[in-house]
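A.B. asks: Predicted model and sequence follow; I will ask about them next.
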Amino acid sequence: MRRTARIVLLDGAGRILLMRFADAARPDHGHIWVTPGGGVRRWERLRAAAARELREETGLVVAARSLGPVVALGGGYADLGWAKGMFRDDYFLHRVDSHDVDTRGFSALERRNQGGHRWWTVDELRSTTETVYPLGLAALVEDLNAGREPATPVRLPWHH
C-alpha cells in the first residue's frame, strides 16, 4: 500500500489551496485538482512527510509538530501511470493567513505534470465542473471554516 500525506491548507479567507495536475490515469480527461501532498518515504513518519511535501510543493516551511490534526482519510486502488495499486491518503489540516505559493521544490515528474495552483472558495468547489479529488472536499472545508473539526477523520472517497 502506498501511503500519502496530504494537506488541507486553508488561508485566512477560508479558501483551500489545490494543485492542478495532468490526469495520468486518464490523459483524455485533461487534468485534476488535488491538495498538496505526496508519498511517504520509507521509514518517514507521516507528519514529517506532510511537512516535507508542503515545503516541496508550496514553499511553505512548517515544523511537522505545527501541523493540525488528520481531518480526513481517503484511498483505494489507482493506476497513475507511474504507480499503481492501493493508496491511502491522510489529510492534515494547516492554516495560514496567506501564502504565495512557490513550486520550485517540485520533483521532475511533478514539474512535467503540474499545471498550476489556485486558492478555492467553498462555493467554487461546489459549483466547479472540473475534477477535484477527493470528493466531499467542499463539505469538509465548510465545516473546518465554521470551526467544526471532526473528532475522528472523515472518510472522503476518490470516486462516486
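C.D. replies: Structure received. Everything numeric here is computed off the predicted structure, so don't read it as measured data. Residues are numbered from 1 along each chain as shown.
A.B. asks: residue ranges for the helices of the protein, please.
C.D. replies: Assigned by DSSP state H, the helices in the chain fall at 46-58, 108-113, 122-127, 137-145.
A.B. asks: nearest to D102, of these?
C.D. replies: Closest of these to D102 is helix 46-58, at 6.7 Å (criterion: Cβ to Cβ). For the C-beta atoms, the positions are set from N, CA and C on the backbone; glycine is no exception.
A.B. asks: buried ones in that closest one?
C.D. replies: The neighbour-count criterion (16 or more other Cβ atoms under 10 Å) identifies 47-54, 56-58 as the buried residues of helix 46-58.
A.B. asks: Reformat those as a markdown table; add pLDDT.
C.D. replies: Shown next, in a markdown table, are these (pLDDT from 0 to 100):
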| residue | pLDDT |
| --- | --- |
| R47 | 97 |
| A48 | 98 |
| A49 | 97 |
| A50 | 98 |
| A51 | 97 |
| R52 | 95 |
| E53 | 92 |
| L54 | 94 |
| E56 | 91 |
| E57 | 89 |
| T58 | 93 |
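A.B. asks: V132: which of those is nearest?
C.D. replies: Nearest member of the buried residues of helix 46-58 to V132, counting by Cβ to Cβ, is E57, at 16.6 Å.
A.B. asks: hmm, back to that, take the helices of the chain and lay them out in CSV including distance to T152.
C.D. replies: Converted to CSV, the helices of the chain look like this (distance: least, Cβ to Cβ, whole Å):
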stretch, distance to T152
helix 46-58, 16
helix 108-113, 31
helix 122-127, 22
helix 137-145, 13
